[in-house]
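Peer 1: let me see the structure of the following:
(one chain, ligands or ions: 1)
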Amino acid sequence: DEPLQYPPARRDDSVVEDYHGTKIADPYRWLEDPDTEEVKKFVEEQVQLTDSVLQKCETRGKLRETITKLFDHPRYDAPFRRANKYFYFHNTGLQPQNILYVQESLEGEAEVLLDPNAFSEDGTVSLSTLSVSEDAKYLAYALSSSGSDWTTIKVMRIENRNVEPDILSWVKFSSISWTHDSKGFFYSRYPAPKDGEVVDAGTETNANLHHQLYYHFLGTDQSEDILCWKDPENPKYTFGGSVTDDGKYILLHIAEGCDPVNKLYYCNLSKLPNALEGFQDGNSLLPFVKLIDNFDAQYEVIANDDTLFTFLTNKDAPKYKIVRVDLKEPTAWVDVLQESEKDVLESACAVNGNQLIVSYLSDVKYLLQVRDLKTGSLLHQLPIDIGTVSEISARREDSVVFIGFTSFLTPGIIYQCNLGTEIPDMKIFREIVVPGFDRSEFNVKQDFVTSKDGTKIPMFIVAKKDLIMDSSHPCLLYGYGGFNISITPYFSVSRIVLTRHLGVVFCIANIRGGGEYGEEWHKAGSLARKQNCFDDFICTAEYLVSTGYTQPRKLCIEGGSNGGLLVGACINQRPDLFGCALAHVGVMDMLRFHKFTIGHAWTSDYGCSHKEEEFHWLIKYSPLHNVRRPWELYPDQSFQYPSTMLLTADHDDRVVPLHTLKLLATMQYILCKSLEKTPQTNPIIGRIDCKSGHGAGRPTQKMIDEAADRYGFMAKVLEVHWIE
Ligand SMILES: O=C(NCC(=O)N1CCC[C@H]1C(=O)O)OCc1ccccc1
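Peer 2: Take a look at the predicted model:
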């Protein structure tokens, strides 16, 4: 059908920047300011164009209806205990936000404690983090609006649900950790922006610098909070405070980026002459002791017995191990649990006095064990299916542990594991049931694909049973590949609907850059070796074609954020290999990402164009800078870019929308508008949402509407029809 009429977009050819002697044009630089009338007009016209395309996607209505119906089932998270109360999140099905319940006992009557749905008409206010005081008297919680990373902390008195007057602003990238006297809590924040710098929190692009750790005394004004730590010499540093289980220490976790490495300081609260009150004069920071004062490795505290601390670390152990140190002899470290040859030690949780629940990732599947906290020795293997341990809810004084489990064909199970008995039993505490979903219709397998350099790349493949390998099947290939994040099996209603009603084969490629095989795997897909991620993803796509699942014009690739970069880079490098590309909130301008909000923290995976050697890594794959007309590169072949949808939202302050807007304008210009006649008939469109952010906290209806739009678009361009 007719090529689309793309809206005009000014090209400012005066913007040219010199990177270490290389001149780089940036004609859409003006798209970086979301508040100008010109940018608002650009967005409005793109939204209208996309709506006109989506109107013609026949399966969109069916998708929305079927996803809504299948999603309308009760969901629970694992309970957690404080004092004599239990707390858990629950959603009856289509509620915009999950609701926090409290009960006096596991079997007792549950009451609503905090209902975020009451905070806004349209469900766009979400709960980002919370913490219940040790005596279960108070709930401190952080609220986010429109999916922004900015939060506001408030406090509720649990017994009478009274919301206290405390309001803490400009909180971002913060946990909440109470002192055990319930007088207050530690949290992190940025300095308040200068007047006018932030009009609608979450739509600004200013860099987040000078993070600080504070302590808030309940019942006081934020201006009286204690500044516990800051580091003016290192504005990129982020600080996290956590009180140890015994209430004695405040631990300070310092990061300078996203690598799994941190400094670790501690302060013995019980040794302060006048506790924290002594710092209310605001004249000095807390007297932290620097246990680890370098970024050589990650140190995550598991437990302490007074000065004897146990850590999960990757120090000289890229697949992680457990070590111990006595603060009195801070250089004498001993191994408690050695690094495994093959498996990644993902988590370790102190439970039942002196035991550990550890989870390993073994070829992207989870193993769960009970071990001895003192010696590390194995006590029990806990039986779980192929899938993901989604959460482990327990504290050291608890002998009952709740374990969340999910997989491609398991909506969700919460096991109750009683460690008090001789052989711990994994009893089903809650099982999430999805009416109308019949797991026997589907098949899950894991293949290993050889990448360009011979590396084996695991890939999960979910399909209807008894698939005929005739290359006819639409395929959705999903990837991420960065920041030490592992994409492990999880239940997705929208993907089940695609497989059941559009015959889609859904695949997850565990490409390098993730954490699937530990820190070496992460590093092998970072910095100078980032191209490995794209090679891996392209090889898994070619595998799906060569083994007869699908063919390029039936193959859709999808990824979000760093995964959006993956999609953007792969359609530039192999426009012939895909029929459709869905890139959510992608990092697309690799020369400028570090300038906006928390982008500076990502240089740990990407490097920075500020440095000459790193500029040359980035310019080679930066999606914004590598859009080329394929028909000019390969004149004998008449191929074009796949049909592409770039998704973003106005309050995404994790990956600011300018990345998507600049790439959209560039692709539409180079491929579609700059020639009289262009072979590019596949649409290149943008889905730009409002009152929405990077993804976290998105209300149910917005999630469903977006899924229906992007998969309705995919079905249309892959020419796939609805199967009743
Ligand atoms: O930026 C990230 N995480 C990485 C992130 O969100 N990324 C990394 C690339 C784009 C985007 C994504 O893939 O979701 O989290 C914020 C943060 C908090 C504290 C210390 C450092 C950073």
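Peer 1: use CA for all of it now, contacts and neighbours both
Peer 2: Fine.
Peer 1: show the pLDDT at residue 425.
Peer 2: Looking at residue 425, its pLDDT is 88.
Peer 1: give the contact list for it.
Peer 2: By Cα atoms under 8 Å, 6 or more residues apart in numbering, residue 425 lies in contact with 416, 417, 418, 419.
Peer 1: change it to 10 Å
Peer 2: Shown in contact with residue 425 (Cα atoms under 10 Å, 6 or more residues apart in numbering): 382, 383, 415, 416, 417, 418, 419.
Peer 1: confidence score at the closest residue to the ligand within the stretch 51-200 of the chain?
Peer 2: In the stretch 51-200 of the chain, the residue that lies nearest the ligand is residue 173 (5.0 Å; Cα to the nearest ligand atom). What the model reports for residue 173 is a pLDDT of 98.
Peer 1: residue 1 too?
Peer 2: 59.
Peer 1: count the residues that sit near the closest residue to residue 163 other than its chain neighbours.
Peer 2: Nearest residue to residue 163, sequence neighbours excluded (Cα to Cα, 6 or more residues apart in numbering): residue 156, at 4.3 Å. Residues within reach of residue 156, counting by other Cα atoms under 10 Å, total 20.
Peer 1: show me what the helix or strand of the chain with the lowest mean pLDDT is in contact with.
Peer 2: One helix or strand of the chain scores below all others by mean pLDDT, DSSP states H and E: helix 630-633, with a mean of 88. With contact meaning Cα under 10 Å, 6+ apart, helix 630-633 is reached by 572-576, 637-641, 671, 678-680.
Peer 1: next helix or strand past it?
Peer 2: Sequence order places strand 643-649 as the next helix or strand after helix 630-633, per DSSP states H and E.
Peer 1: so what are the sheet partners of that following strand and their directions?
Peer 2: Here strand 643-649 has these sheet partners by DSSP bridges: strand 580-584 (parallel), strand 684-689 (parallel).
Peer 1: okay, now the closest residue in space to residue 298 that isn't next to it in sequence: neighbour count?
Peer 2: What sits nearest to residue 298 in space, not counting adjacent residues and going by Cα to Cα, 6+ apart, is residue 261, at 3.8 Å. Residue 261 has 21 neighbouring residues, counting by other Cα under 10 Å.
Peer 1: OK, contacts around residue 261?
Peer 2: 253-255, 294-300, 313-315.
Peer 1: regarding it, what is its secondary structure?
Peer 2: Classification of residue 261 using DSSP: H, G, I helix; E, B strand; the rest coil returns coil.
Peer 1: likewise for residue 720?
Peer 2: Classification of residue 720 using three-state DSSP returns coil.
Peer 1: one more: residue 715?
Peer 2: Per three-state DSSP, residue 715 ends up helix.
Peer 1: I'd say it and residue 62 touch.
Peer 2: No: taking contacts as Cα atoms under 10 Å, residue 715 lies outside contact range of residue 62: 11.5 Å.
Peer 1: compare those two (neighbour count), which wins?
Peer 2: Neighbour comparison, residue 715 and residue 62: the larger count goes to residue 715, with 24 against 15 (by other Cα under 10 Å).
Peer 1: which SSE is the closest residue to residue 11 other than its chain neighbours in?
Peer 2: Spatial nearest neighbour of residue 11, excluding adjacent residues (Cα to Cα, 6+ apart): residue 27 at 4.8 Å. Under DSSP H and E, no helix or strand contains residue 27.
Peer 1: joint contacts of residue 715 and residue 62?
Peer 2: residue 722.
Peer 1: the stretch 451-600 of the chain: strands as residue ranges?
Peer 2: Under the criterion DSSP state E, counting those that start in this stretch, strands of the stretch 451-600 of the chain are mapped to 456-464, 475-479, 505-509, 555-560, 580-584.
Peer 1: follow-up on the earlier one: host element of the residue nearest to residue 163?
Peer 2: If you go by DSSP H and E, residue 156 is part of strand 151-157.
Peer 1: what's the following helix or strand after that strand?
Peer 2: Remark: after strand 151-157, the chain's next helix or strand is strand 162-171, criterion DSSP H and E.
Peer 1: and the contacts of that following strand?
Peer 2: Taking Cα under 10 Å, 6+ apart as the rule, strand 162-171 contacts 138-140, 142-144, 149-157, 187-193, 201, 211-212, 216-223, 225.
Peer 1: any buried residues in it, and which?
Peer 2: Within strand 162-171, the residues that qualify as buried are 166, 168, 169, 170, 171, counting by 16 or more other Cα atoms under 10 Å.
Peer 1: quick one: it to strand 151-157, angle?
Peer 2: Orientation of strand 162-171 against strand 151-157 (axes from the mean of the first three to the mean of the last three Cα atoms, to 10 degrees) gives an angle of 160 degrees.
Peer 1: next secondary structure after strand 162-171?
Peer 2: In the C-terminal direction from strand 162-171 (assignment by DSSP H and E), the next one is strand 177-178.
Peer 1: what packs against that next one?
Peer 2: Using 3 or more Cα pairs under 10 Å, 6 or more residues apart in numbering; DSSP states H and E, the elements in contact with strand 177-178 are strand 125-132, strand 138-145, strand 184-189, strand 212-217, strand 238-243.
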